[in-house]
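**Student:** only geometry, no sequence info:
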């Protein structure tokens, strides 16, 4: 292949400094014999070459300007240039050839995924902050998706996230991961370790983005560290995501039916332990199940925290159960938000109570004491962001926005998955 393009199965694909930890971790799993989709990686050097060809280096540095207006204009200029400027022929032509070869070989529509050099690292997962494009069918759409992955490094929410981590997009680069889209009947996430020394799986119908974006309450399956089933709670999966040809509502009978058989859950638990062994640390994963079996889609470091014993006073008050993000205990004033336009009401130290806990809420995390959401599960992207900040979060809490009084004193246990409030 061309120097900028490397097969995911190649030995050099494990180089996170060239292809980002997302692609590199997948390559490591594949080389260890674990099931991953085929694909190829576009080196982050191609992004740097593109910036140089468009003479964007000084504009990139201006994004960190003290003047907020100048910084916003520079970020917009970066995005527009990367979306519209001509791609260097030395990058464009081999990229087109690699995509055509992948499509000819697999016969599948493709997934185009950001793989920034800064994401999927311990303490900076960037979960849900960049972009993935699923079900890409045409060459023109593929090139647009690559451009959009590059431009995602300059989006407002990424800039906010980087600012809270003392980082700048001018100091990093964006690689791109291209794979055939897994035609998932079931998909989800997994945590290889909890505070109780268990493993947790989330599962939903269709593609896993419904879980990642906090759009459903997924099934929650708990296994022992040895891989035996411990507990299963079916979710409320009223919606499923498919490729451009599928998706939509789920029949009510199916919405509350388990997505995985016990045998499948045990098999997936074994894969989860193997991922932990290969990467040498507790991990959270994303996975999909098609007609040929399980495929691992992503693996990143997992943040852990010990449980906290609540004060007895809280145990005397009403509570609701949900799926814990896995860290923290916090208390504050409940701020019930039913629309994003109301987020300005959320003050420092409040507990945000909302319906959907999507990664777009990441900019609220630095100022809240906790988050409670009616939808979502332990492996949602916002749960990952909460774990790295040590912020307690409980998701999948039925009727939370109706039952928890706005302004009430609320306590959130992000390890046990319980939220309580004082009248």
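**Tutor:** Sure, I can see it. Nothing here was measured: the structure is a model prediction, and the numbers come from that model.

**Student:** Where does the prediction get shaky in the stretch 201-350 of the chain?
**Tutor:** By pLDDT under 70, the low-scoring segments of the stretch 201-350 of the chain are 239, 242-248.

**Student:** quick one: the strands in it?
**Tutor:** For the stretch 201-350 of the chain, the strands defined by DSSP state E, counting those that start in this stretch occupy 219-224, 229-233, 239-241, 247-249, 283-290, 293-301, 319-321, 323-324, 329-337, 350-354.

**Student:** what sits up against the fifth one?
**Tutor:** Contact with strand 283-290 is made by 182-192, 207-208, 212, 260, 264, 268, 271-272, 275-276, 294-302, 379, 384, as judged by CB atoms under 8 Å, 6 or more residues apart in numbering. Backbone N, C-alpha and C define where each C-beta goes, glycine included.

**Student:** any chance of the strands of the stretch 201-350 of the chain in TSV, plus distance to residue 397 and mean neighbour count?
**Tutor:** Shown next, in TSV, are the strands of the stretch 201-350 of the chain (distance: least, CB to CB, whole Å; neighbours: other CB atoms under 10 Å):
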stretch	distance to residue 397	mean neighbour count
strand 219-224	13	22
strand 229-233	13	14
strand 239-241	18	21
strand 247-249	22	12
strand 283-290	21	23
strand 293-301	25	22
strand 319-321	5	16
strand 323-324	8	26
strand 329-337	12	20
strand 350-354	8	26
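
**Student:** Who does the host helix or strand of residue 111 pair with, and is each partner parallel or antiparallel?
**Tutor:** According to DSSP states H and E, residue 111 maps onto strand 110-116. Strand pairing for strand 110-116, using DSSP bridges, gives strand 132-136 (antiparallel), strand 174-180 (antiparallel).

**Student:** coming back round to it: please dump the strands of the stretch 201-350 of the chain into a markdown table; it should also carry distance to residue 34 for every row.
**Tutor:** Converted to a markdown table, the strands of the stretch 201-350 of the chain look like this (distance: least, CB to CB, whole Å):
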| stretch | distance to residue 34 |
| --- | --- |
| strand 219-224 | 18 |
| strand 229-233 | 21 |
| strand 239-241 | 24 |
| strand 247-249 | 28 |
| strand 283-290 | 10 |
| strand 293-301 | 6 |
| strand 319-321 | 34 |
| strand 323-324 | 26 |
| strand 329-337 | 35 |
| strand 350-354 | 36 |
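
**Student:** all helices of this protein, in order?
**Tutor:** Secondary structure of the chain by DSSP state H: the helices cover 16-31, 44-53, 57-62, 68-84, 89-106, 139-152, 156-164, 209-212, 252-255, 262-279, 312-315, 381-389, 400-403.

**Student:** what about those helices, which gets the closest to residue 114?
**Tutor:** Taking CB to CB, helix 139-152 is the member of the helices of the chain nearest to residue 114, at 4.3 Å.

**Student:** ok, and what's touching that closest one?
**Tutor:** Here helix 139-152 has contacts from 42, 47, 50, 78-79, 82-83, 87, 92, 95-96, 99-100, 110, 112-114, 130-131, 133, 136, 158, 174, 176, 178, using CB under 8 Å, 6+ apart.

**Student:** surely residue 421 meets residue 336?
**Tutor:** No. Using CB atoms under 8 Å as the test, residue 421 is too far from residue 336 to be in contact (10.9 Å).

**Student:** And for the closest residue to residue 61 other than its chain neighbours, the neighbour number?
**Tutor:** Sequence neighbours aside, residue 170 is the residue nearest to residue 61 in space, at 5.3 Å (criterion: CB to CB, 6 or more residues apart in numbering). Residue 170 is flanked by 21 other residues according to other CB atoms under 10 Å.

**Student:** follow-up on the earlier one: may I see the helices of the chain organised as JSON lines, with distance to residue 341 and mean neighbour count added?
**Tutor:** Shown next, in JSON lines, are those (distance: least, CB to CB, whole Å; neighbours: other CB under 10 Å):
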{"stretch": "helix 16-31", "distance to residue 341": "33", "mean neighbour count": "24"}
{"stretch": "helix 44-53", "distance to residue 341": "35", "mean neighbour count": "19"}
{"stretch": "helix 57-62", "distance to residue 341": "30", "mean neighbour count": "15"}
{"stretch": "helix 68-84", "distance to residue 341": "20", "mean neighbour count": "16"}
{"stretch": "helix 89-106", "distance to residue 341": "40", "mean neighbour count": "15"}
{"stretch": "helix 139-152", "distance to residue 341": "24", "mean neighbour count": "20"}
{"stretch": "helix 156-164", "distance to residue 341": "16", "mean neighbour count": "18"}
{"stretch": "helix 209-212", "distance to residue 341": "23", "mean neighbour count": "27"}
{"stretch": "helix 252-255", "distance to residue 341": "29", "mean neighbour count": "12"}
{"stretch": "helix 262-279", "distance to residue 341": "39", "mean neighbour count": "18"}
{"stretch": "helix 312-315", "distance to residue 341": "32", "mean neighbour count": "12"}
{"stretch": "helix 381-389", "distance to residue 341": "19", "mean neighbour count": "26"}
{"stretch": "helix 400-403", "distance to residue 341": "15", "mean neighbour count": "16"}
